[in-house]
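Undergrad: Give the three-dimensional model of this entry:
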Amino acid sequence: MMKQLIEDIVKALVDQPDEVQIKEMVGEHAHVLELTVSKADLGKVIGKGGAHASAIRTLMAAASGKEKKRYILEIIEY
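TA: Below you'll find the predicted structure:
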């Protein structure tokens, strides 16, 4: 559910939605979502001063309260 939510939000922000990839790694205490987008779209996902990334993380925290799981979003730069 969380992976799909983040994927939908990020695809709406970027110019190349086909390049959006999210890998979910399940740990003992937290779920880590690794987000990869095209290099050109990286700025759109992070936003000015990290505003978009912060907003996405806030939505994750709000949505994860219902699931009683902790989610961590990592934006991968390459």
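
Undergrad: Going by neighbour count, list what's buried in the longest helix seen in the chain.
TA: Longest helix in the chain, counting residues (DSSP state H): helix 51-67. Of all the residues in helix 51-67, those buried under the rule 16 or more other C-beta atoms under 10 Å are 52, 56-57, 60, 64. In this view, the C-beta of every residue, glycine as well, is placed from N, C-alpha and C.

Undergrad: nearest to I9, of these?
TA: Closest to I9 out of the buried residues of helix 51-67 is I56 (6.0 Å), distances taken as C-beta to C-beta.

Undergrad: Now for the closest one: which residues touch it?
TA: 6, 9-10, 45, 73 (C-beta atoms under 8 Å, 6 or more residues apart in numbering).

Undergrad: where do the strands sit along the chain?
TA: Here the chain has its strands, by DSSP state E, at 21-26, 31-36, 71-76.

Undergrad: beta partners for E74?
TA: Listed beta-bridge partners, E74: E34 (assigned using DSSP bridges).

Undergrad: if I read this right, it contacts A30, doesn't it?
TA: No. When contacts are counted by C-beta atoms under 8 Å, E74 is not listed as touching A30 (11.1 Å).

Undergrad: quick one: the closest residue to S54 other than its chain neighbours from K66, how far?
TA: Among residues not flanking S54 along the chain, G47 sits closest, at 7.6 Å (C-beta to C-beta, 6 or more residues apart in numbering). Per C-beta to C-beta, to the nearest Å, G47 is found 25 Å from K66.

Undergrad: likewise T36?
TA: 26 Å.

Undergrad: do the same with H31
TA: From H31 over to K66 the distance is 14 Å, taken as C-beta to C-beta.

Undergrad: swap in V20?
TA: With C-beta to C-beta as the criterion, V20 and K66 are 24 Å apart.

Undergrad: What of K39?
TA: Applying C-beta to C-beta to K39 and K66 gives a distance of 34 Å.

Undergrad: thinking again about what came up before, Throw the strands of the chain into a markdown table and include distance to V14, thanks.
TA: Below are the strands of the chain laid out as a markdown table (distance: least, C-beta to C-beta, whole Å):
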| stretch | distance to V14 |
| --- | --- |
| strand 21-26 | 12 |
| strand 31-36 | 11 |
| strand 71-76 | 12 |
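
Undergrad: Many thanks, we can stop here.
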